[in-house]
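> Just need the structure, nothing else, for what follows:
(chains A, B and C)
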Amino acid sequence: MPPLDVALRDIAGQLGGELIGDAGLRIRRIGPLETADPSTIAFLANPRYASQLQTTAAGCVIVAPGMRDAAGARGGAAIVTPDPYHYFARLTQWWAARVRPPPAPGVHPSAVVDPTAEIAPDASIGAFCFVGAGARVGAGTRLAPRVTLGEGCSIGARGIVHGGVVIGADGFGFAPVREDGGLRYEKIEQLGAVRIGDDVEIGANTCIDRGALEDTVIEDGVKLDNLIQIGHNVRIGRHTAMAGCVGIAGSATIGAYCTVGGGAIVLGHLMLADHVHISAASVVMRSIRQPGQYSGVFPIDDNAAWEKNAATLRQLHTLRERIRALEKNERQP
Amino acid sequence: MPPLDVALRDIAGQLGGELIGDAGLRIRRIGPLETADPSTIAFLANPRYASQLQTTAAGCVIVAPGMRDAAGARGGAAIVTPDPYHYFARLTQWWAARVRPPPAPGVHPSAVVDPTAEIAPDASIGAFCFVGAGARVGAGTRLAPRVTLGEGCSIGARGIVHGGVVIGADGFGFAPVREDGGLRYEKIEQLGAVRIGDDVEIGANTCIDRGALEDTVIEDGVKLDNLIQIGHNVRIGRHTAMAGCVGIAGSATIGAYCTVGGGAIVLGHLMLADHVHISAASVVMRSIRQPGQYSGVFPIDDNAAWEKNAATLRQLHTLRERIRALEKNERQP
Amino acid sequence: MPPLDVALRDIAGQLGGELIGDAGLRIRRIGPLETADPSTIAFLANPRYASQLQTTAAGCVIVAPGMRDAAGARGGAAIVTPDPYHYFARLTQWWAARVRPPPAPGVHPSAVVDPTAEIAPDASIGAFCFVGAGARVGAGTRLAPRVTLGEGCSIGARGIVHGGVVIGADGFGFAPVREDGGLRYEKIEQLGAVRIGDDVEIGANTCIDRGALEDTVIEDGVKLDNLIQIGHNVRIGRHTAMAGCVGIAGSATIGAYCTVGGGAIVLGHLMLADHVHISAASVVMRSIRQPGQYSGVFPIDDNAAWEKNAATLRQLHTLRERIRALEKNERQP
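As a prediction, this is how the structure comes out:
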């Protein structure tokens, strides 16, 4: 973490909360309770870890009102606030603005931006970015170095697009045409674009394809991690978050407030309702219309045990028939 | 979709087919039957959806000869053609050429192209592309912005390579060498290249590694979606298509006319025959010598049900033994 | 393979080993035993393939001392060395240095390198690389074209970073904040960096995120293939190797001398001991504290068989109950 040295009162003055203890305490680090030292500010979000309050060496702890007494009892300083985790997030933002200011607004001289693109004056376009004809970048949005925003694609305000992202490559669309030997593929030109809302963050090397006829749509507040594939015509509802290596196939519609764990796959043309949560590495093969947590992963085991169970799994249907036969014989002795 | 306004006769005049109805009808959009309006041209490829012919508001529908009467009965215009889906694909190409002409031939001034590379005069090399020594790009092939075509690698005619693709990075090859504590890895320099045929499309951020001693080979007409990994020495047969996030490990040989669903993995040194189809997210762990569809995915379920079934799966082999014991006792009472 | 024409004595003179037979033999190719010709040098690492010694047309074979007599008996030349595979790796390096010299040291004129970055004089920074403020690149390390090394991130000596790699994008960290309708995500600024040791190779389009508060750490000798996602705060022990498409979620700690097969996923906050080997496409959902090989993949099958077995799997827990009931009835007739 880049160094900073501030008085606790500066933090509380800017971010709020009830400050208990030495307002002049020097804070030089944000850290976890376990490895904190007297110049560290730490937070306690989960009451389950309340016992750490007694053992941490943190100079200051951020706690919820219910922990005020426990935090006071330990001696050091505290900030009491309704949502300590949210406070922590805001603290990292405040800290980052001091130690690592964001890139200056404007277009890096090495970037290639089509003259018909519309870039908000306070947006930032990094080195080696390519922004196509008619593309739009909203207020305060940052494209890291080496981002592609294709022709006609748009992203709203306060977005963050990390390095290597490709927005607006062609969707994977072909008409199979019979020829001698089998099917060859005739390209379906992808005439839609990608439309991304406000407050969206897109991780490194993630790809969002343009729609075939209409637009691929990413709604406000969506957070995508690295190396995610979003197929053409997909729609992702607001405030949905996806972890790394997820693949969403073409024309899938993902609801709002969903989460998709790392490496999960959603097949094409499916619908996920709002508030659906897909566990990591699970494969969605049919639409899910009820909120809830869904999983489907082969449990890992030592290799020898896996081999035996996997081999048996290939006969599982037969095993069921054998159980049925046993049950039938039992009933008709 | 970028706007266009054409008479139906212009479409049929260029693309063929039997035009029924008002040849002067203005077409402003290609769209699906369900959301079509009177200025939309739509297509019906699957007779199962024939009932939509009666309800669509499309100004013109593209249909197969067997649907001529049904299309005529609805009143609006129609184009009759043997393969409506193929016609639709060609229509998108015709449309795209009018609303979004492809990049002009030539090398973008920002690209870095080795002087020994051979670029066909009508090929197009986008911004920030890197083309290494001795690489070759065939006639009419387009490299989108931010593509790497490594030293000695080649791509044939009419190819499309989307943003962020890396062709010709080193394959993952190391000789394990014993040292104190375990194995360390000594690099095996990758002396082969990548050889790509004609009419190949490669999706954004896909990687194709150079071969260790010989070349990695992608045959004519192969279509690769985004974020695919093709290991060294792989050979992919003509007109094979792979969806996003697929991984093909080193030295695998994939036949012609295969399809590999999104997120599937093919282990190294395996062979897939022609016309093999791998379902999404399936893992190929042995060679497949018979054409057909192959699958292997843990079925997704609500999390509680999955947990119970997954836990039981770890004892499946034992369950089989218990069924055997029951069967044996039944026979020998 | 780019052409070269050398006498066998030049190879043995440089790389050592006991040379048997014609030291003046011209070698023009490194190749496998099966497809070798009289100008090919091949190697035999696995005694299981010893019978190939009798049939290969290779001009020279590299063998271990135990195979000296068999190699001599075939007539052609041989190099005897304790570890033929290691010798082969060094031979490819020697060959590559002659046919395809590495890029010259220095920063490519098109690269954007922050003036506060420290680049070793003999490091090589390729075209369109972006190196952020305070980043460090060690001696002899090569960044291929189109690599991002973010602010404050470092890589040691003799590293190789392939095209499209993004080191130091923000980790995926957000504080969920309740609002009408559900949770939205407040960004946690990622204040750590990425610290990479010596002799590390990183495959094309792989991403390594910066830590939230502390650094993400990749130790010496780690080898990462293409399209791998390394989350924030991950630590990977020395000489661990990971194949393509792997995802390591945030705060996971991977031991030394591990291997992770292609497409495998390791969930966040887990710990893998040293010498743990994860099979391809397996999902690690709990910490693994014992060395060994671990697997968890649904076995692929023809689609009809898979459908039946997968459907039954969703009732597996119930099947176990039915087996229990049968066993109970058997005991209490």
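
> can you give me the helices for chain A?
Under the criterion DSSP state H, helices of chain A are mapped to A:8-15, A:52-55, A:68-73, A:84-99, A:303-313, A:316-331.

> so which of those helices comes closest to C:Gln52?
Closest to C:Gln52 of the helices of chain A is helix A:303-313 (CB to CB; 29.1 Å). Bear in mind the C-beta positions are built from the backbone N, C-alpha and C, glycine included.

> Now do that closest one, average pLDDT.
The average pLDDT for helix A:303-313 rounds to 97.

> Contacts for that helix, please.
A:298, A:300-301, A:319, B:313-317, B:319-320, C:279, C:292-299, C:309, C:313 (CB atoms under 8 Å, 6 or more residues apart in numbering or on different chains).

> List the buried residues in that helix.
Neighbour-count burial for helix A:303-313, counted by 16 or more other CB atoms under 10 Å in any protein chain shown, picks out A:Asn303, A:Ala305, A:Trp306, A:Asn309, A:Ala310, A:Thr312, A:Leu313.

> same question, stretch A:90-105
Under 16+ other CB under 10 Å, the buried positions of stretch A:90-105 are A:Arg90, A:Leu91, A:Thr92, A:Trp94, A:Trp95, A:Ala96, A:Arg100, A:Pro103.

> which among these are in contact with chain C?
A:Arg90, A:Thr92, A:Trp95, A:Ala96, A:Arg100 (CB under 8 Å from any CB of the partner chain).

> domains for chain A, by residue range?
Domain segmentation of chain A under automatic domain parsing yields A:6-99, A:116-294, A:302-333.

> which of these is buried the deepest?
domain A:116-294 (a mean of 23; mean count of other CB atoms under 10 Å in any protein chain shown).

> quick one: it near chain C?
Yes. Using CB under 8 Å from any CB, domain A:116-294 reaches chain C at A:126-128, A:144-146, A:160, A:162-164, A:201, A:203-205, A:221, A:223, A:225-227, A:239, A:241, A:243-245, A:256-257, A:262-263, A:274-275, A:280-281.

> mean confidence for that domain?
On average, domain A:116-294 scores 97.

> Now the terminal residues of that domain, how far apart.
45 Å (CA to CA, to the nearest Å).

> how far does it sit from the chain's center?
12 Å (CA atoms, centre = their mean, to the nearest Å).

> ok, back up a step: overlap between the residues of domain A:116-294 next to chain C and the residues near chain B?
Of the residues of domain A:116-294 next to chain C, the ones that also sit near chain B (CB under 8 Å from any CB) are A:Phe128, A:Arg146, A:Gly164, A:Asn205, A:Leu227, A:Cys245, A:Gly263.

> Contacts only, for the nearest residue to the third one once chain neighbours are set aside.
Nearest in space to A:Gly164, with sequence neighbours left out and distances taken as CB to CB, 6 or more residues apart in numbering or on different chains, is A:Asn205 at 4.0 Å. Residues counted as contacts of A:Asn205 (CB under 8 Å, 6+ apart) are A:162-165, A:226-227, B:164, B:205, B:227, C:164, C:166, C:205, C:207, C:227.

> Next, A:Asn205: phi, psi?
Note on A:Asn205: its backbone torsions stand at phi 60, psi 20 [degrees, to the nearest 10].

> residue ranges with poor pLDDT in the stretch 1-150 of chain A?
Within the stretch 1-150 of chain A, not a single segment meets pLDDT under 70.

> and it, which residues reach chain B?
A:Ser110, A:Val112, A:Phe128, A:Phe130, A:Arg146, A:Thr148, A:Gly150.

> could the contacts of A:Asn205 go into JSON lines alongside distance to C:Ala23?
Shown next, in JSON lines, are the contacts of A:Asn205 (distance: CB to CB, whole Å):
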{"residue": "A:His162", "distance to C:Ala23": "55"}
{"residue": "A:Gly163", "distance to C:Ala23": "52"}
{"residue": "A:Gly164", "distance to C:Ala23": "50"}
{"residue": "A:Val165", "distance to C:Ala23": "55"}
{"residue": "A:Asn226", "distance to C:Ala23": "53"}
{"residue": "A:Leu227", "distance to C:Ala23": "51"}
{"residue": "B:Gly164", "distance to C:Ala23": "48"}
{"residue": "B:Asn205", "distance to C:Ala23": "49"}
{"residue": "B:Leu227", "distance to C:Ala23": "50"}
{"residue": "C:Gly164", "distance to C:Ala23": "44"}
{"residue": "C:Val166", "distance to C:Ala23": "49"}
{"residue": "C:Asn205", "distance to C:Ala23": "45"}
{"residue": "C:Cys207", "distance to C:Ala23": "49"}
{"residue": "C:Leu227", "distance to C:Ala23": "45"}
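
> Of those, which belong to strands?
Counting by DSSP state E, the contacts of A:Asn205 place C:Val166, C:Cys207 in strands.

> Which residue comes closest to A:Ala7 once chain neighbours are left out?
A:Gly24 (5.4 Å).

> which residues sit in contact with A:Gly134?
With CB under 8 Å, 6+ apart, A:Gly134 has these contacts: A:Asp114, A:Thr116, A:Ala117, A:Glu151, A:Gly152.

> no, scratch that, I was asking about A:Val113
Applying CB under 8 Å, 6+ apart, the residues contacting A:Val113 are A:Val107, A:Ile119, A:Ile125, A:Cys129, A:Phe130, A:Val131.

> ditto for A:Ala45
A:Ala64, A:Pro84, A:Tyr85, A:Phe88.

> Which phi and psi values does it adopt?
Dihedral angles for A:Ala45 - degrees, to the nearest 10 - are phi -100, psi -30.

> A:Ser295 contacts A:Val283, correct?
No. The pair A:Ser295 / A:Val283 is not scored as a contact, 10.2 Å apart, by CB atoms under 8 Å.

> shared neighbours, the two?
B:Ile300.

> Identify the spatial nearest neighbour of A:Pro299, chain neighbours not counted.
Per CB to CB, 6+ apart, closest to A:Pro299 is B:Ala310, 4.5 Å.

> correction: A:Gly171
A:His232 (2.4 Å).

> right, and that neighbour touches A:Ala252 too?
No. Using CB under 8 Å, A:His232 is not in contact with A:Ala252; the gap is 10.2 Å.

> A:Ile62: what's it in contact with?
A:Gly17, A:Ile41, A:Ala42, A:Phe43, A:Leu44, A:Ala78, A:Ile79, A:Thr81, A:Pro84, A:Tyr87, A:Phe88, A:Leu91.

> Now for the nearest residue to the second one once chain neighbours are set aside: which residues touch it?
Nearest in space to A:Ile41, with sequence neighbours left out and distances taken as CB to CB, 6+ apart, is A:Cys60 at 4.5 Å. Contacts of A:Cys60 were listed using CB under 8 Å, 6+ apart, and they are A:Leu8, A:Gly21, A:Leu25, A:Ile27, A:Thr40, A:Ile41, A:Ala42, A:Gly76, A:Ala77, A:Ala78, A:Ile79.

> Could you do A:Ile20 as well?
So A:Ile20 contacts A:Arg68, A:Ala71, A:Gly72, A:Ala77, A:Ala78, A:Ile79, A:Val80 (CB under 8 Å, 6+ apart).

> Kindly state the beta-bridge partners for the last one.
Translated: A:Val80. Beta bridges link A:Val80 to A:Glu18, A:Val63 when assigned by DSSP bridges.

> Please give me every residue in contact with it.
With CB under 8 Å, 6+ apart, A:Val80 has these contacts: A:Gly17, A:Glu18, A:Ile20, A:Val63, A:Ala64, A:Pro65, A:Met67, A:Arg68, A:Ala71.

> Go through the residues you listed and say which is closest to chain B.
Ranked by distance to chain B (CB to the nearest CB), the contacts of A:Val80 are led by A:Ala64 at 28.2 Å.

> Not including adjacent chain positions, what is the nearest residue to that closest one?
A:Ala64 sits nearest to A:Pro84 (CB to CB, 6+ apart), 5.6 Å away.
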